[in-house]
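Peer 1: Next comes the sequence, and after it the predicted model I'd like to discuss.
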Amino acid sequence: MLKQWKRLFRADLTISKWARTGYIPNYDEYMEVGIVTGGVDVTVAFAFIGMGEAGKEAFDWIRSRPKFIQTIDLKSRLRDDVATYKVQFGMHTNHIYLFFRLYNLQNLV
């Protein structure tokens, strides 16, 4: 569980550093960090704890990053970015902005 928290906090610190320094990551770089900030690993770990199934096997499964967890991570990130795109547009650390920038589509926004 501690590893999931550390991973989440490191990702949040990276996003904060980008915002503070004005760094604009490329799309892949953002998605690698942005997916973690959804907190899905931590949420699933807490779900196992709440169900009374928080054994070593459950945490090993979460740490193995199965397709199920990866899919929920991606869906969570995409949903959050779509919902906050207009609000965060000035930050330029949103997968939508970076996707448009990657394919030179900024004039469509």
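Peer 2: Here it is on my side, so go on. Bear in mind that the values here come from a model prediction, so they are computed numbers and not experimental data.

Peer 1: mind listing what the residue most central in space within the chain touches?
Peer 2: For the chain, residue 35 is the residue whose C-alpha lies nearest the centre (Cα atoms, centre = their mean; 2.2 Å). Contact partners of residue 35, counting by Cβ atoms under 8 Å, 6 or more residues apart in numbering, are 70, 73-74, 76-77. For the C-beta atoms, the positions are set from N, CA and C on the backbone; glycine is no exception.

Peer 1: and of those residues, the nearest to residue 45?
Peer 2: residue 73 (13.3 Å; Cβ to Cβ).

Peer 1: my read: that closest one touches residue 39, true?
Peer 2: No: applying Cβ atoms under 8 Å, one finds residue 73 not in contact with residue 39, separated by 9.2 Å.

Peer 1: who has more neighbours, those two?
Peer 2: Between residue 73 and residue 39, counting by other Cβ atoms under 10 Å, residue 73 is the more crowded of the two (21 against 18).

Peer 1: distance of the more buried one from residue 11?
Peer 2: With distances taken as Cβ to Cβ, to the nearest Å, residue 73 is found 11 Å from residue 11.
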